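Undergrad: When you get a sec, could you give me coordinates for this:
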Amino acid sequence: MNHPPQQIDPVSKAKVLLEALPYIQRFQGSTFVIKYGGGFMDDPDLELRLRVVKDIVLLAAVGIKVVVVHGGGKAISRAIEAAGLKTEFRDGLRVTDEASIKIVEKVLNSDINGEICDLITAQNGRALGMPGNTIFHCEKWEESDASGNPVDLGYVGRVTEVKTALIESAFASGYVPVVSPIAQDTTGTSYNSNADIAAAHVASALQARRLVFLCDVPGLLRDPADQDSIISTLTADAVNGLKEDGVITSGMLPKVDSAVSALAAGVHRVHFVDGRMPHSVLLEIFTDEGIGTEIINT
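TA: Take a look at the predicted model:
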């Protein structure tokens, strides 16, 4: 049996707008960095991506300077597999050889970046695609195994600098910059960089008011098996304790570590929200209670 769509009473609509008003006034002219990533990027339901994009377009429309930094792990894995190559990860980082980096660069700089820009444009926003190798300088990622032996991850880079002038110029022209996590070293060689870390570097360099990570979970969960155990607010100095207790693990580690680094560099607050939840960014930023996790300085 079909049910008619639920009608929201006009007074309730007005209350929602009035609740958002002080936040809109407070954040007008501020910089927000949105880390665009998570399972919704690969969902066949285009409406999921459109909901996120509509949030981004609305933020820009009310005078917030928005930067989108995106990932694209699953799309990269599919493209590498289609090329007959193998994917290997070490400590969450993709081992990237010379053949793979060419695929990674195309997927991130062209395919995914282009789709996000097209979606923003389709909602009457103004998007400017920025290949990450025009924005990020990097050095080759170096690490060692448990025995102290060097581990070569190939073309994986550690971001060392963000060219903020290009982003600021995009803001001045009324654009939403959409940046991929490809970085470039001093010789002009392209490297794959972790998108969470890249987003945190952008937020730090721009002294952003907010850094928002879109995730596949409602926020940081005290009990991963309980979706209702969201930690609404967390101080940066409490993070190590949660790591030791096993609350923060695996895929959340680079996000949380990047959040703490960004806060130490001057970013005001960092948020973790579920990219699959309708309008999660707006609910987290423009309502009194929020819906995800925010990390703040002590």
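Undergrad: tell me which element the spatially most central residue of the chain falls in.
TA: Nearest residue to the geometric centre of the chain (C-alpha atoms, centre = their mean): K35, 1.0 Å. Assigned by DSSP states H and E, K35 belongs to strand 31-36.
Undergrad: Would you mark the buried spots in that strand?
TA: When neighbours are counted by 16 or more other C-beta atoms under 10 Å, the buried residues of strand 31-36 are found to be T31, F32, V33, I34, K35, Y36. Glycine gets a C-beta too; all of them are placed from N, C-alpha and C.
Undergrad: same thing with stretch 133-141?
TA: Residues of stretch 133-141 classed as buried: N133, I135, F136, C138, W141 (neighbour count, 16+ other C-beta under 10 Å).
Undergrad: Widest-spaced pair of those?
TA: Of all pairs drawn from the buried residues of stretch 133-141, the greatest distance, 17.8 Å, lies between I135 and W141 (C-beta to C-beta).
Undergrad: right, and the pair among the buried residues of strand 31-36 with maximum separation?
TA: Spatial extent of those (C-beta to C-beta) is set by the pair T31 and Y36 at 15.7 Å.
Undergrad: Where is pLDDT lowest across the buried residues of stretch 133-141?
TA: Lowest pLDDT of the buried residues of stretch 133-141: W141, 91.
Undergrad: Just give the closest residue to it, not the sequence neighbours.
TA: Spatially, and ignoring its direct neighbours in sequence, W141 is nearest to V156 (4.3 Å; C-beta to C-beta, 6 or more residues apart in numbering).
Undergrad: tally of neighbours for the one you found?
TA: The number of residues packed near V156 is 23, by other C-beta atoms under 10 Å.
Undergrad: close enough to count as contact, it and Y191?
TA: Yes: V156 is in contact with Y191 according to C-beta atoms under 8 Å; the separation is 6.1 Å.
Undergrad: Return every residue with contacts to both of these two.
TA: Both V156 and Y191 are in contact with T96, K140, W141, where contact means C-beta atoms under 8 Å, 6 or more residues apart in numbering.
Undergrad: Just the closest of those residues to R209, please.
TA: Using C-beta to C-beta, W141 comes nearest to R209 of these, at 29.4 Å.
Undergrad: Could you verify that K54 is part of a helix?
TA: Yes: assessed with DSSP: H, G, I helix; E, B strand; the rest coil, K54 lies in a helix.
Undergrad: That one and I295: what is the separation?
TA: Using C-beta to C-beta, to the nearest Å, one gets 25 Å for the distance from K54 to I295.
Undergrad: show me what contacts Y36?
TA: Counted by C-beta under 8 Å, 6+ apart, Y36 has contacts V52, V68, V69, H70, G71, I116, L214, G275.
Undergrad: no wait, S232
TA: Contacts for S232 were tallied using C-beta under 8 Å, 6+ apart; they are G219, G290, T293, E294.
Undergrad: Show me what the helix or strand that contains the last one is packed up against.
TA: Using DSSP H and E, E294 falls within strand 293-296. Applying 3 or more C-beta pairs under 8 Å, 6 or more residues apart in numbering; DSSP states H and E, one finds that strand 293-296 contacts strand 233-235, helix 252-264, strand 269-274.
Undergrad: Note down every partner strand of that strand and its orientation.
TA: Strand 293-296 sits in its sheet next to strand 233-235 (parallel), strand 269-274 (antiparallel), going by DSSP bridges.
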